[in-house]
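>>> got a structure for you, letters missing:
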């Protein structure tokens, strides 16, 4: 049945892709695909330096086709300067050999997209079979194959290519804990998991995040309990890692170890303000990383590194020193704000559970009202909890595994909460729905036929309710404990901002039409100035705002406008803090009559603050929650 679904989905999905892709394809870093072109032209996994001129318009999608004859016979080919392509080696090979068969053309990638789509649908069917019969599993696979969210990302190769591998890994994980333990079965699954993980790693290196759940499931959720099969568990874990290293070695060996990539950089950008609304978390009085912009993150991190380690010198983007600096910055953020990290993970779980009922970003009517991100909120969560409770009643070990699975895989997208990172997880709620239907017809009825079975079912239900309640209490206690730790720490940090020595900037100078606020001269890493603006909110207009403007150009997004919040209307000062960098021009005030602005200041020694957060502190801020909260 999985084979039939694979074939049918591949044919249907391929035809759908070709019809839509002929109109235009989204950008998925096609400019990096030079090694794939070389493979398609039988030149091997290489790049030309200098680049073949005729290849440039093809890689930048200005032309659909490329002729291999345009590559000179004496073109200098090699593997230097291909860090990004090296980490995508298997993706490049898949594209390259598709082109070898069908010609070097973007529209010729249809068979590859079709195979990936078919693999995803077949893998979903396999996952569904772990909880229901073939009929419901087929219906679930078909439903996912026509899902608007699923089809939305079919056209982005870089994002969609991970879906079949991720789904197969989840199937193998489920199979591991459902099956009766045998040495042959566990070791076979371990080897398969390592191999699939390695191939997926050659498409996207973030598949390394799938290593911990296998080892945890092996240690805690294997049939028989935690203390049994210890040798087998150790052997399976070692076999999985060894298989991964062997199969992934062509990728690993091409990575220049002096350039570890931007993994921590990607995590930092996940704190950008644009993810707060989709996650459903309320804003705190401060922001860690406002803009989803590589340059913005680089400036913040390197400036931080310069304050922490004076005299550090230039930090190359995405090379080893930058990776170390970003890791240190993130560690500082997480140790100061663990409650924000936890609440974002919880929010991600809640959103993932609602995927079948939530609006899909990018598909709303531009002329209509904005989508209600809380539409249907709660239905998916109820279904998922009910399915988990029913599994727990039948087998506590499997119920706890589902709790772990949900918290790990549905919580991890909080790193960067964009649908392209988790669209394939829509199956979770549909699986729960199918499992409940299957159980209602196959299991619940027979259990209710006699008093003895009803008594057993009641005891199992009570045990399940107690276990899930305990899990819920643990989650709440962890969050409350993190908030109890974070609140005084953030109060202390922000209070240091407030009480720091200041240099006043004349208001007439601020309101001048020419750039009036001096910025430290350009340094490497950059030196940040820290500006404070004090407002008498009760004297400000209803639409009062303070805007920090940069020069036109790449740094224009560094600017920001602070709307004076309603909480500022109380008696007392509202204090706005903003780090500024080279390229800053001026502060602009709007709807700010005389008396609204109490003063503008420069913090005299901003270097003593490792973290310079953008913050808006209204009167009484010390008594307010200094952490993010779930909204809605």
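Done, it's in. Predicted, not measured: the structure shown is a model, and the values here were computed from it. Residues are numbered from 1 along each chain as shown.
>>> make it CA atoms for all contacts and neighbour counts henceforth
Will do.
>>> Now do the nearest residue to residue 241 once chain neighbours are set aside, the pLDDT please.
Distance criterion Cα to Cα, 6 or more residues apart in numbering; nearest residue to residue 241, sequence neighbours excluded, is residue 194 at 6.2 Å. Each residue has a pLDDT score; the one for residue 194 is 97.
>>> and residue 194, what is it in contact with?
239-244 (Cα atoms under 8 Å, 6 or more residues apart in numbering).
>>> Please tabulate these in TSV and include pLDDT, neighbour count and secondary structure as additional columns.
Written out in TSV, the entries for the contacts of residue 194 read as follows (pLDDT from 0 to 100; neighbours: other Cα atoms under 10 Å; DSSP: H, G, I helix; E, B strand; the rest coil):
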residue	pLDDT	neighbour count	secondary structure
239	97	20	helix
240	97	25	helix
241	97	19	helix
242	97	16	helix
243	97	21	helix
244	97	24	helix
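>>> other SSEs contacting the longest helix anywhere in the chain?
Longest helix of the chain, by residue count under DSSP state H: helix 451-499. Contacts defined by 3 or more Cα pairs under 8 Å, 6 or more residues apart in numbering; DSSP states H and E place helix 451-499 against helix 320-336, helix 338-353, helix 379-394, helix 445-447.
>>> and among these, the most buried is which?
Burial among those, expressed as mean neighbours by mean count of other Cα atoms under 10 Å, is greatest for helix 338-353, which shows a mean of 23.
>>> rank the helices and strands packed on helix 451-499 by pLDDT, which is bottom?
Going by mean pLDDT, the lowest-scoring of the helices and strands packed on helix 451-499 is helix 445-447, which has a mean of 73.
>>> For it, which outside residues touch it?
Helix 445-447 is touched from outside by 453-454, 457, with contacts defined as Cα under 8 Å, 6+ apart.
>>> Compute the distance from the centre of that helix to the centre of its chain.
Taking Cα atoms, centre = their mean, to the nearest Å, one finds the center of helix 445-447 at 43 Å from the center of the full chain.
>>> related to what we said a few turns ago, compare the contacts of helix 445-447 and tell me which has the most neighbours.
Neighbour counts for the contacts of helix 445-447 peak at residue 457, which has 17 neighbours (criterion: other Cα atoms under 10 Å).
>>> Which secondary structure element of this structure has the lowest mean pLDDT?
When the helices and strands of the chain are scored by mean pLDDT, DSSP states H and E, helix 445-447 comes last with a mean of 73.
>>> Switch the contacts of residue 194 over to CSV; also include distance to residue 383.
Listed next are the contacts of residue 194 as CSV, based on distance: Cα to Cα, whole Å:
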residue, distance to residue 383
239, 36
240, 33
241, 35
242, 38
243, 37
244, 35
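>>> nearest to residue 151, of the residues you listed?
Distances from residue 151 to these, taken as Cα to Cα, are shortest for residue 244 (30.0 Å).
>>> Can you give me the distance of the closest residue to the closest one other than its chain neighbours to residue 547?
Beyond its immediate neighbours in the sequence, the residue positioned closest to residue 244 (Cα to Cα, 6+ apart) is residue 194, lying 4.4 Å away. In this structure, residue 194 lies at 52 Å from residue 547, with Cα to Cα, to the nearest Å as the measure.
>>> Same question for residue 524.
To residue 547, residue 524 is 26 Å away according to Cα to Cα.
>>> check contacts around residue 172.
Taking Cα under 8 Å, 6+ apart as the test, what residue 172 contacts is 189, 192-193.
>>> So it, which state does it fall into?
Assigned by DSSP: H, G, I helix; E, B strand; the rest coil, the conformation of residue 172 is helix.
>>> hmm, back to that, just the closest of the contacts of helix 445-447 to residue 5, please.
Closest approach between those and residue 5, by Cα to Cα: residue 457, at 36.3 Å.
>>> Now do the contacts for that closest one.
Residue 457 makes contact with 393, 447 under the criterion Cα under 8 Å, 6+ apart.
>>> ok, back up a step: would you mind naming the helix or strand containing the residue nearest to residue 241?
Following DSSP states H and E, one finds residue 194 within helix 183-201.
>>> What residues sit buried inside that helix?
Using 16 or more other Cα atoms under 10 Å as the burial criterion, the residues of helix 183-201 that qualify are 186-201.
>>> quick one: that helix to chain centroid distance?
Remark: helix 183-201 is offset 25 Å from the chain centroid, using Cα atoms, centre = their mean.
>>> tell me the angle of the helix or strand following it relative to helix 183-201?
Counting by DSSP H and E, the element after helix 183-201 in chain order, helix or strand, is helix 211-220. Between the axes of helix 211-220 and helix 183-201, defined by axes from the mean of the first three to the mean of the last three Cα atoms, to 10 degrees, the angle is 170 degrees.
>>> Buried ones in helix 211-220, by neighbour count?
With the criterion 16+ other Cα under 10 Å, helix 211-220 contains buried residues 211, 213-215, 217-220.
>>> ok, those vs residue 269, which is closest?
residue 211 (22.9 Å).
>>> Next one: that closest one from residue 190, what distance?
Applying Cα to Cα, the value for residue 211 to residue 190 is 11 Å.
>>> what residue ranges in the stretch 401-550 of the chain score low on pLDDT?
513-516 (pLDDT under 70).
>>> how does the protein divide up, domain by domain?
Each domain of the chain is listed here as a residue range: 1-160, 175-256, 263-467, 502-608, per automatic domain parsing.
>>> export the ones you listed to a markdown table and tack on distance to residue 476?
What follows is these, written out as a markdown table (distance: least, Cα to Cα, whole Å):
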| stretch | distance to residue 476 |
| --- | --- |
| domain 1-160 | 29 |
| domain 175-256 | 22 |
| domain 263-467 | 10 |
| domain 502-608 | 28 |
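>>> So for residue 491, which of those domains sits nearest?
domain 263-467 (10.6 Å).
>>> now the end-to-end length of the closest one.
Terminal-residue distance, domain 263-467 (Cα to Cα): 36 Å.
>>> Nearest to residue 388, out of the contacts of helix 445-447: which one, please.
Residue 388 lies nearest to residue 457 out of the contacts of helix 445-447, by Cα to Cα, at 15.3 Å.
>>> wait, is residue 247 part of a strand?
No: in this structure, residue 247 is helix, not part of a strand, as judged by three-state DSSP.
>>> and it, what is it in contact with?
Residues counted as contacts of residue 247 (Cα under 8 Å, 6+ apart) are 195, 198-199.
>>> please redo it, this time with the cut-off set to 6 Å
Counting by Cα atoms under 6 Å, 6 or more residues apart in numbering, residue 247 makes contact with residue 198.
>>> Now residue 280: phi and psi?
Note on residue 280: backbone dihedrals following degrees, to the nearest 10 are phi 90, psi 40.
>>> meant to ask about residue 552
phi -60, psi 140.
>>> So what's the residue count around it?
A total of 11 residues lie near residue 552 under the criterion other Cα under 10 Å.
>>> now the one 5 residues further on
Residue 557 is flanked by 16 other residues according to other Cα under 10 Å.
>>> and it, which of the three is it?
Assigned by three-state DSSP, the conformation of residue 557 is helix.
>>> And it, how far from residue 391?
From residue 557 over to residue 391 the distance is 49 Å, taken as Cα to Cα.
>>> How about residue 281?
Computed as Cα to Cα, the residue 281 to residue 391 distance reads 30 Å.
>>> got it, and residue 340?
Residue 340 sits 31 Å away from residue 391, going by Cα to Cα.
>>> Cool, thanks, talk later.
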